[in-house]
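Enquirer: Return a 3D structure for these sequence lines:
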Amino acid sequence: MSLISQQIKSYMDNSSWIRKMFENGIELKAQHGAENVFDFSLGNPDIPPPAKVGETLKSIANELHKPFALGYMPNAGYPETRKALAGYLSREQGMEIGVEHVLVTCGAAGAINAFFRAVLESGDEVICPAPYFVEYGFYAGNFGGKLCPVKSKPLTFELDLAAIEAAFTERTRVVLINSPNNPTGKIYSRKELEALAALVKRYSERYGKPIFLVSDEPYRFLNYDNSELPSVFSLYEYSIVVGSFSKSLALAGARVGYFTVNPAMTGGDELVNAVIMTNRILGFVNAPALAQRILNETINESVDLDIYRSRRQAMAEVLDAAGIEYLMPRGAFYFFPKSPVEDEMKFIDLLMDENILVVPGRGFGYPGYFRLAFCVDEATIRRSKSGFINAMKKLH
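Expert: Reported below is the predicted structural model:
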């Protein structure tokens, strides 16, 4: 007799490769010492938050004697936080976004879950390019939806628009993209996004219902080469942007993010109200009060992008020295190199022998590759070089 549902049991049996490798790292560090293990498995920002975050926390602490200092607020968030978000997103997205178009959520994950709860019926489908953030499948499945990954083009990770078009059915409800992308660092070009938006519009009209185009953008600020990051709002009416400040402010554990609808969306007010309700009934209730108050004062702050830029260069030099093929990431803090052997697990085992931890591409729906998170100290990245070289030598 099982105490848990079959769905959750299957999730547990096929749990995240990221977490599995992270747990392997704990064992290796216990055996060899943390300084001798090169853990590139988890995208957990290590850079301290901007100084203003600490200053704001001290200021908040001095006000905790006041009634309701950290009490409930409207489910959509503090009015002043929504106002700050509306201004921030107006600048970022290049158009006027009103307070009524924005709500504060428990990270980008909370935003996606609340949105899926509001729009998915059982059996509805969510198309997304692969490789993709593995939790997307769980988020859709939470509400009876089905994730339909479509493989992007090898090594370049450009959208395979013909394959995406073939994935549309009458049950398609959402197309979900992530740019800059986890795990590839890919930033989708305007040309790709315009073609994708045209597809979504065409099939919305064919099936007589809006198909939503959702852009998940927690890595938007990690844009190393000042690449154009077109707003989906300018491309398609039924578009949505979600994101968080987990990376830009190094506040991953604070769980503060946002959901915003295209101001031009017909019926957008009803959708926002629906997501406010699902944000409540899913048990999020509201984004953490403390995180919202921090955000009010720090929304325009950011960790130093040059630190990540330097780490990206160091990781590229390590991979070059080892002779490993990769696409230089334009954004985020991941590399997604091609495995030198078809079964990436064989190479990952060789890397583990060198105390190097990475995540297999199959964990992101794209076997034959592996992910490296370079949100670790640059010295650690550079010291891993001999291990990568040794693992490659063992293949020959």
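Enquirer: I'd say Pro129 and Ile177 touch.
Expert: Yes. Using C-beta atoms under 8 Å, Pro129 is in contact with Ile177, at 6.4 Å. In this view, the C-beta of every residue, glycine as well, is placed from N, C-alpha and C.
Enquirer: Now Leu176: phi and psi?
Expert: Here is the backbone geometry of Leu176 (degrees, to the nearest 10): phi -120, psi 120.
Enquirer: residues near the residue nearest to it when sequence neighbours are not counted, how many?
Expert: Spatially, and ignoring its direct neighbours in sequence, Leu176 is nearest to Cys128 (4.3 Å; C-beta to C-beta, 6 or more residues apart in numbering). Using other C-beta atoms under 10 Å, Cys128 has 24 other residues around it.
Enquirer: What of Glu125?
Expert: By the criterion of other C-beta under 10 Å, Glu125 has 20 neighbours.
Enquirer: just to revisit the earlier point, what about the residue nearest to Leu176, which helix or strand?
Expert: Using DSSP states H and E, the element containing Cys128 is strand 125-130.
Enquirer: and whichever helix or strand comes after that strand, how far from the chain's centre?
Expert: Sequence-wise, the next helix or strand downstream of strand 125-130 (DSSP H and E) is helix 135-141. Mean-position distance between helix 135-141 and its chain equals 13 Å (C-alpha atoms, centre = their mean, to the nearest Å).
Enquirer: All the helices of the stretch 251-396 of the chain, in order from the start?
Expert: Taking DSSP state H, counting those that start in this stretch as the test, the helices found in the stretch 251-396 of the chain are 268-281, 289-298, 305-322, 344-353, 378-383, 385-393.
Enquirer: What is the second one packed up against?
Expert: Which is helix 289-298. Judged by 3 or more C-beta pairs under 8 Å, 6 or more residues apart in numbering; DSSP states H and E, helix 289-298 is in contact with helix 51-61, helix 79-93.
Enquirer: What of the first one?
Expert: Counting by 3+ C-beta pairs under 8 Å, 6+ apart, the packing neighbours recorded for helix 268-281 are strand 102-105, helix 107-119, strand 257-261.
Enquirer: Is it possible to get CSV of these that adds mean pLDDT?
Expert: Output for these, formatted as CSV (pLDDT from 0 to 100):
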stretch, mean pLDDT
strand 102-105, 98
helix 107-119, 98
strand 257-261, 98
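Enquirer: Nearest to Thr184, out of these?
Expert: Of all these, helix 107-119 sits nearest to Thr184, with 17.4 Å by C-beta to C-beta.
Enquirer: most neighbours per residue, which of the helices of the stretch 251-396 of the chain?
Expert: With neighbours defined as mean count of other C-beta atoms under 10 Å, those peak in mean count at helix 289-298, which reaches a mean of 21.
Enquirer: quick one, it and strand 257-261 angle?
Expert: 70 degrees (axes from the mean of the first three to the mean of the last three C-alpha atoms, to 10 degrees).
Enquirer: need the contact list for Leu176.
Expert: Ile112, Val126, Ile127, Cys128, Tyr132, Tyr136, Val214, Asp216 (C-beta atoms under 8 Å, 6 or more residues apart in numbering).
Enquirer: Can I get the residues you listed in CSV including distance to Ile299?
Expert: Below are the contacts of Leu176 laid out as CSV (distance: C-beta to C-beta, whole Å):
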residue, distance to Ile299
Ile112, 21
Val126, 29
Ile127, 32
Cys128, 28
Tyr132, 28
Tyr136, 26
Val214, 22
Asp216, 19
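Enquirer: Out of the residues you listed, which comes closest to Thr172?
Expert: The closest of the contacts of Leu176, once distances to Thr172 are taken by C-beta to C-beta, is Ile127, at 6.1 Å.
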